[in-house]
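>>> Based on what follows, work out the 3D shape:
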Amino acid sequence: MSTETLATLPDRLPQRVRHPLRFRKLEVHSVERVTPHLVRITLTGDALEGFISLGFDDHVKLTLPDAVTGVLTVPTIGADGSPSWPPGPKAIMRDYTPRRFDANARLLEIDFALHEAGPATRWAEQAQPGQVIGIGGPRGSFVVPMDFDWHLLVGDDTALPAISRRLAELPDGARALVLAEVDGPADHIAMESRAEVEVIWVHRNDAGANPSEPPLLTALRDARLPAGDFHGWVGCESAAAKAVRAYLVNECRANPKWIRASGYWRRGAAATHDSHDE
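Numbers count the residues shown, from 1 in each chain. Alright, predicted model coming up:
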């Protein structure tokens with residue numbers, strides 16, 4: 001696709017919406033082991049009044065209680081909108097996607113991928129109803145238009161909440177292709193949608209996997225992509241997300257403005273969230 005052609009295409013760009021920053025103390029309502037490597041924790045509390053999440057890949061700052069004392073500390077928000085922490089060690093925070101929010105019931109679902117044993121994973125593995133935890137945000141949302149010929153969603157375990165949420169909001173008549181990387185068949189989850197959806201499960205533990213490139217990139221090369229304009233969304237390990245985006249733009253000639261790629265985690269690092277967009 002030439003630069004001239006790109007310049008004449010309709011924008012259909014995500015709309016960025018800002019939200020006032022707020023930290024909330026919530027309580028664990030229920031815990032469900034969805035797969036061997038995925039636990040769903042539903043949070044509740046009156047503090048969810050006014051909670052807003054407009055984008056399927058929004059993230060909140062999960063604020064963890066102190067691992068020793070169990071005390072949960074959250075900041076106050078100043079007049080300038082910035083957080084102010086009380087004296088003492090700052091609480092550990094990690095980014096997570098609000099998978100589903102029921103405003104009437106005041107229930108917020110958060111899915112935890114259980115692999116490397118970081119502080120959030122350790123908390124999720126022992127979580128029980130009645131325990132407290134904090135969330136901050138979302139501070140903003142990217143609202144992606146629906147009017148594409150089809151939608152591409154590529155991600156690993158950490159992206160399953162965002163992928164599931166996007167599929168749930170796609171309307172009748174929409175079309176989507178999903179490439180989802182998990183350990184194996186036991187980690188497949190149901191993905192409800194009114195759209196026409198094809199899901200390609202990518203098993204990272206397959207003996208025939210190509211060790212020279214990310215499994216999601218290999219699967220994308222092998223996939224048959226539908227014709228027409230599409231919006232591509234990628235969420236996985238940072239280097240893999242960058243490689244998938246480069247393939248879509250350079251090899252598939254996708255409009256780079258319609259490709260959103262995020263590194264939800266980075267190999268060998270903690271608490272990272274990288275954006276690989278233009």
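>>> Identify the residues contacting residue 172.
194, 195 (C-beta atoms under 8 Å, 6 or more residues apart in numbering). For every residue, glycine as well, the C-beta is placed using N, CA and C.
>>> Any figure for the gap between it and residue 54?
Separation of residue 172 from residue 54 (C-beta to C-beta, to the nearest Å): 21 Å.
>>> With residue 225 instead?
Applying C-beta to C-beta, the value for residue 225 to residue 54 is 28 Å.
>>> all strands of the stretch 151-278 of the chain, in order?
175-182, 196-203, 230-237, 259-265, 274-275 (DSSP state E, counting those that start in this stretch).
>>> Confidence-wise, which of these is weakest overall?
Note on the strands of the stretch 151-278 of the chain: lowest mean pLDDT is at strand 274-275, with a mean of 70.
>>> Any stretches of the stretch 1-150 of the chain with poor pLDDT?
For the stretch 1-150 of the chain, the stretches with pLDDT under 70 are 1-10, 117.
>>> What ranges does it have for its helices?
Secondary structure of the stretch 1-150 of the chain (DSSP state H, counting those that start in this stretch): helices located at 3-8, 119-126.
>>> Pull out the buried residues from the longest one.
If you call a residue buried by 16 or more other C-beta atoms under 10 Å, then helix 119-126 has these buried ones: 120, 123, 124.
>>> From what I see, the second one and residue 64 are in contact.
Yes - Residue 123 is within contact range of residue 64, at 5.5 Å (criterion: C-beta atoms under 8 Å).
>>> Now the common contact residues for those two.
By C-beta under 8 Å, 6+ apart, residue 123 and residue 64 have these common neighbours: residue 133.
>>> Let me see the residues that make contact with the biggest helix by length in the chain.
Of all segments of type helix in the chain, defined using DSSP state H, the longest is helix 238-250. For helix 238-250, the surrounding residues in contact (C-beta under 8 Å, 6+ apart) are 152, 154, 156, 213-214, 216-217, 220-221, 232, 234-236, 254, 256, 259, 261-267, 272, 274, 276.
>>> give me that answer again for 7 Å
Helix 238-250 is contacted by residues 154, 213-214, 216-217, 220, 232, 234-235, 254, 256, 259, 261-263, 265-267, 272, 274, 276 when judged by C-beta atoms under 7 Å, 6 or more residues apart in numbering.
>>> Could you give the average pLDDT over that helix?
Here helix 238-250 scores 95 as its mean pLDDT.
>>> Extract the C-alpha trace of that helix and format it as PDB.
Output of helix 238-250 as PDB, limited to C-alpha atoms (Å, rounded to 0.1, in the frame of the first residue of the first chain):
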ATOM      1  CA  SER A 238       7.100  -6.700  24.700                       C
ATOM      2  CA  ALA A 239       9.600  -8.100  22.100                       C
ATOM      3  CA  ALA A 240       6.900 -10.300  20.600                       C
ATOM      4  CA  ALA A 241       4.400  -7.500  20.400                       C
ATOM      5  CA  LYS A 242       6.900  -5.300  18.500                       C
ATOM      6  CA  ALA A 243       7.700  -8.100  16.100                       C
ATOM      7  CA  VAL A 244       4.100  -8.800  15.400                       C
ATOM      8  CA  ARG A 245       3.400  -5.200  14.700                       C
ATOM      9  CA  ALA A 246       6.400  -4.900  12.400                       C
ATOM     10  CA  TYR A 247       5.100  -7.900  10.400                       C
ATOM     11  CA  LEU A 248       1.600  -6.500  10.100                       C
ATOM     12  CA  VAL A 249       2.900  -3.100   8.900                       C
ATOM     13  CA  ASN A 250       5.900  -4.200   6.700                       C
END
